[in-house]
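S.K.: heads up, no residue letters with this:
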């Protein structure tokens, strides 16, 4: 078991697994592009099977080395589920699910430290972002009701119902008002320009930038926590080395006394 632990933790194995995931991602793209029934697709399928064997071996090593600890590590569970979930027998109806092997590309995320920090930060920020989504929903719905009431008769194709107004205002929001030059209501309604201006400032610039701020703050916090964990790990290694050195010096002192 000690040899397996050393192999799994070695730089050679981790880098090799990361390269395997990268090559496997390229091979999966080539399989999707290659025509069916050709020699090329057979060779690519064979290469995909070889790469999958390496990835499954990595998962087996992870479970054998860490055992129950994998249940407390979200990224280990992610790697295990992604790898084992892409193994589907090529029989009858189950063959249609072989497309699930594409999810193995997601394992690239776990091999890029900053990508992992980004995902962790995004999950950590979801609770704060839910409140921001609620605020955006209330503001957006208010403008939908206002524009439907004011512009329904003038432009029924865009504002004839709440659904049409919501769809059109969403396009205005995501484009930051770049398509306002085609708005028919701007020329015949004095309230159109102030309403559009307020909507773009509040919904597009204000609340959407707030989402970005929440995510950036969470990412910064996650990176700081990761750096702190690395510093603690270095300190623990240094402390163990000092303890070993102190024990060795103490043993040398006791040796002459025993003689």
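M.R.: The structure has been received and is ready for your questions. Nothing here was measured: the structure is a model prediction, and the numbers come from that model.

S.K.: correct me, but residue 202 touches residue 142?
M.R.: No: when contacts are counted by CB atoms under 8 Å, residue 202 is not listed as touching residue 142 (9.6 Å). (Each C-beta comes from the backbone N, C-alpha and C, glycine too.)

S.K.: Who has more neighbours out of these two?
M.R.: Of the pair residue 202 and residue 142, residue 202 is the one with more neighbours under other CB atoms under 10 Å, namely 18 against 13.

S.K.: Buried residues in stretch 140-158, which are they?
M.R.: Judged by neighbour count (16 or more other CB atoms under 10 Å), stretch 140-158 contains these buried residues: 140, 143-144, 146-148, 150-152, 155, 158.

S.K.: Sketch out the low-pLDDT regions of the stretch 101-250 of the chain for me.
M.R.: For the stretch 101-250 of the chain, the stretches flagged by pLDDT under 70 are 101-107, 110-118, 121-122, 125, 127-128, 177, 179-183, 188, 208.

S.K.: Would you map the helices across it?
M.R.: Assigned by DSSP state H, counting those that start in this stretch, the stretch 101-250 of the chain shows helices spanning 107-110, 113-151, 156-159, 162-174, 192-199, 208-258.

S.K.: Identify, out of these, the most deeply packed stretch.
M.R.: Mean neighbour count, computed with mean count of other CB atoms under 10 Å, is highest for helix 107-110 among the helices of the stretch 101-250 of the chain, reaching a mean of 18.

S.K.: Just give the nearest non-adjacent residue to residue 5, would you?
M.R.: Of all residues not flanking residue 5 in the chain, residue 65 sits nearest, at 5.0 Å (CB to CB, 6 or more residues apart in numbering).

S.K.: mind listing what that neighbour touches?
M.R.: 1, 4-5, 8-9 (CB atoms under 8 Å, 6 or more residues apart in numbering).

S.K.: again with residue 202
M.R.: Contacts of residue 202 (CB under 8 Å, 6+ apart): residue 139.

S.K.: for the one 4 residues further on, same thing?
M.R.: Counting by CB under 8 Å, 6+ apart, residue 206 makes contact with nothing.

S.K.: Out of the buried residues of stretch 140-158, which comes closest to residue 166?
M.R.: Closest to residue 166 out of the buried residues of stretch 140-158 is residue 144 (4.9 Å), distances taken as CB to CB.

S.K.: Now do the domain split for the chain, please.
M.R.: 2-111, 116-250 (automatic domain parsing).

S.K.: ok, of the buried residues of stretch 140-158, which one's closest to residue 134?
M.R.: Closest approach between the buried residues of stretch 140-158 and residue 134, by CB to CB: residue 140, at 10.7 Å.

S.K.: Now that closest one: closest residue in space, sequence neighbours ignored.
M.R.: Closest to residue 140 by CB to CB, 6+ apart is residue 203, at 6.1 Å.

S.K.: go on, residue 159?
M.R.: In space, residue 159 is closest to residue 151, 4.1 Å off (CB to CB, 6+ apart).

S.K.: Quick check: the residue nearest to residue 5 vs residue 152, distance?
M.R.: 65 Å (CB to CB, to the nearest Å).

S.K.: buried sites along stretch 69-88?
M.R.: So stretch 69-88, judged by 16+ other CB under 10 Å, has buried residues 70, 76, 78-80, 82-83, 86.

S.K.: and the residue nearest in space to the middle of the chain, what does it touch?
M.R.: Nearest to the mean C-alpha position of the chain, by CA atoms, centre = their mean, lies residue 119 at 4.2 Å. Residue 119 sits next to residue 109 when contact means CB under 8 Å, 6+ apart.
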